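J.: Sequence and predicted structure are below.
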Amino acid sequence: MTAQDAAPGGPGILLVLDGWGHAQPGADNAVDAARTPVLDELTRRHPSTLADASGEAVGLLPGTVGNSEIGHMVIGAGRPLPYDSLLVQQHIDSGELRENPRLVALLDALAAGVGALHLVGLCSDGQIHANVGHLSELLAAAAARRVPRVWIHVITDGRDVADGTADTYLTQVTALAAAAGTGQIASVIGRGYAMDKAGNLELTDKAVHLVADAVGAEVNTASEAVHASERGDEWVAPSILRDATAAGIADGDGLVWFNFRSDRIQQLADRLLDHVAATARTVHTLSLAQYDTRADIPALVQRADASGGLADELTAAGVRSVRIAEAEKFEHVTYYVNGRDSTVRSVEEHIRITGPGAPDYRARPEMNLDQVTDAVVEAAARPGVDLVIANLANIDVVGHTGDYSATVKACEHTDAAVARIVTAAAQSGRWLLLVGDHGNAEKMTKQAPDGTTRPYGGHTTHPVPLVVVPSHEGAGTALPERATLADVAPTVLHLLGHKPGSAMTGRPLL
Ligand SMILES: O=C(O)[C@H](O)COP(=O)(O)O
Ligand SMILES: [Mn+2]
Ligand SMILES: [Mn+2]
């Protein structure tokens with residue numbers, strides 16, 4: 001049976017170009033500056049539009065930059081999904097968070113037993129992993145319940161916000177603690193250490209020992225630690241404040257993780273809990289939102305239901321898909337597209353491309369794109385495969401370095417990979433849908449809180465290009481002037497010859 005027979009519409013390829021946003025040409029627009037003849041030609045010749053990938057359109061607070069998790073979840077769900085940051089904010093605004101029974105029980109137990117509360121999280125307003133405003137609510141709750149000691153373990157950012165801004169956020173943390181009437185910064189560490197997600201345990205363990213055992217370079221002030229960093233805010237060395245050398249976790253203490261996003265904090269959370277248990281201490285932990293940890297950490301705010309998306313529809317229709325990405329984005333084309341569901345369904349094959357990682361992607365903007373492309377071309381040639389879903393990571397991952405010329409190169413490598421995939425699609429009679437998951441590389445500078453313009457590798461609120469290359473020349477019709485990521489799954493189903501799922505609010509664009 002050929003793929004054409006298996007799917008009444010026709011087989012296809014959904015290609016997510018990570019971090020491929022659209023903005024007017026400008027001196028900091030790496031997407032526009034790059035030589036991308038293939039993408040330019042596809043956009044010109046075939047039905048194309050711009051899709052909203054940030055804010056309310058995807059389930060974030062208005063004006064919030066998109067991110068890979070919500071981007072891929074909405075691409076898969078075919079509807080905006082209230083994201084964890086939005087749900088946490090709603091719980092704060094309604095007063096529910098402060099009254100949360102789990103939180104109240106923990107704080108009351110600490111007050112009664114004279115235990116300390118440790119608050120650990122990323123301190124910035126990048127709104128991708130955490131929001132320092134959420135810390136303020138936890139401090140207020142601890143003050144209201146008269147917790148005798150509250151230690152703040154600051155993780156510095158420099159990735160979701162412009163580098164060189166950590167000091168401003170430290171000042172903010174101190175002001176929030178003063179306003180709440182409780183909380184003292186105990187330690188400071190860059191997210192490069194504390195939020196590793198690639199299994200580099202030697203990095204994670206520095207954060208474990210800092211938070212659990214108060215082991216780090218001694219500094220007089222948090223700001224001193226930030227200024228001593230030779231590699232920017234992301235790599236602030238593990239530092240303990242001189243007046244907090246007793247801030248390690250004591251038996252019976254409490255710990256609340258205040259990142260709302262799991263992927264980059266779960267490795268630390270698991271490792272720290274293992275270490276505390278191995279050293280015969282008990283710590284009572286909660287997380288702001290639900291984490292994908294090995295350990296069962298009760299969450300203060302539950303996740304939105306993301307079922308009824310593309311994966312469920314494909315399974316019901318018996319549509320066979322292959323998911324392909326390199327390690328950096330593998331979970332995005334599997335777990336997140338499938339609605340944060342780690343089941344590998346019988347109609348799915350997951351291909352994770354591994355290759356040499358890079359401590360610094362500026363030196364390897366090509367990443368492992370050749371192998372990813374090989375795998376897409378190979379899967380596209382297989383008649384038994386109805387749908388290939390792949391992610392090309394370069395534009396986003398290299399964009400995060402904040403290095404403009406490396407990011408231009410990443411866009412050019414991506415263009416060459418797309419050329420091969422277009423040919424493979426044509427040879428196998430497949431349609432091809434290209435879409436970004438959020439903006440990044442089309443804006444490589446940002447105004448810092450002090451008013452200066454700085455290099456910026458983070459995400460944006462810009463829309464993303466969406467292009468449909470039909471399987472047969474001339475088969476395309478114009479797309480609506482504007483779309484959203486929620487329209488991707490209905491459009492994919494339509495191209496495959498199916499109706500949108502009943503849980504989907506997005507529409508087929510063709
Ligand atoms: O975790 C990261 O690398 C960034 O903070 C967010 O990027 P992502 O949403 O593309 O993963
Ligand atoms: Mn992304
Ligand atoms: Mn990113």
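T.: It's in. Ligands and ions are numbered 1, 2, ... in the order given.
J.: can you pull the contacts of the residue lying closest to D157 once chain neighbours are set aside?
T.: Ranked by Cβ to Cβ, 6 or more residues apart in numbering and with sequence neighbours excluded, the top spatial neighbour of D157 is S124, at 3.7 Å. For glycine as for every other residue, the C-beta is placed from the backbone atoms N, C-alpha and C. By Cβ atoms under 8 Å, 6 or more residues apart in numbering, the contact set of S124 is 130, 132, 156-157, 160-161, 165-166, 169.
J.: Need the single longest helix in the chain, by residues.
T.: What stands out as the longest helix in the chain, according to DSSP state H, is helix 404-427.
J.: now, which of the contacts of S124 sits nearest ligand 1?
T.: Proximity of the contacts of S124 to ligand 1 (Cβ to the nearest ligand atom) peaks at D160, which lies at 4.7 Å.
J.: Surely H72 touches N338?
T.: No: using Cβ atoms under 8 Å, H72 is not in contact with N338; the gap is 9.2 Å.
J.: neighbour count winner among the two?
T.: Neighbour count, other Cβ atoms under 10 Å: between H72 and N338, H72 has more, with 30 against 27.
J.: List the contacts of the more buried one.
T.: When the contact criterion is Cβ under 8 Å, 6+ apart, the partners of H72 are 16, 332-333, 336-337, 391, 437.
J.: With distance to R264, neighbour count and secondary structure as added columns, please give these in a markdown table.
T.: What follows is the contacts of H72, written out as a markdown table (distance: Cβ to Cβ, whole Å; neighbours: other Cβ atoms under 10 Å; DSSP: H, G, I helix; E, B strand; the rest coil):
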| residue | distance to R264 | neighbour count | secondary structure |
| --- | --- | --- | --- |
| V16 | 20 | 29 | strand |
| H332 | 13 | 25 | helix |
| V333 | 18 | 27 | helix |
| Y336 | 14 | 24 | helix |
| V337 | 19 | 29 | coil |
| N391 | 18 | 26 | strand |
| D437 | 17 | 33 | coil |
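J.: The residues you listed into a markdown table, with extra columns for distance to ligand 2 and pLDDT?
T.: Below are these laid out as a markdown table (distance: Cβ to the ion, whole Å; pLDDT from 0 to 100):
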| residue | distance to ligand 2 | pLDDT |
| --- | --- | --- |
| V16 | 8 | 99 |
| H332 | 7 | 98 |
| V333 | 11 | 98 |
| Y336 | 10 | 98 |
| V337 | 12 | 98 |
| N391 | 8 | 99 |
| D437 | 4 | 99 |
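J.: How much space separates H400 from ligand 2?
T.: 10 Å (Cβ to the ion, to the nearest Å).
J.: ok, now R294?
T.: From R294 to ligand 2 the distance is 25 Å (Cβ to the ion).
J.: Give me the pLDDT value at that residue.
T.: With respect to pLDDT, R294 scores 98.
J.: Excluding covalently adjacent residues, which one is nearest to it?
T.: Nearest non-adjacent residue to R294 (Cβ to Cβ, 6+ apart): D270, at 5.0 Å.
J.: Contacts only, for the one you found.
T.: 293-295.
J.: Would you write a PyMOL line that selects the buried entries of those?
T.: Selection of the buried residues among these in PyMOL, burial being defined by 16 or more other Cβ atoms under 10 Å:
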select buried, resi 293
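J.: what's the closest of the contacts of D270 to D450?
T.: In terms of Cβ to Cβ, no member of the contacts of D270 lies closer to D450 than T293, at 36.4 Å.
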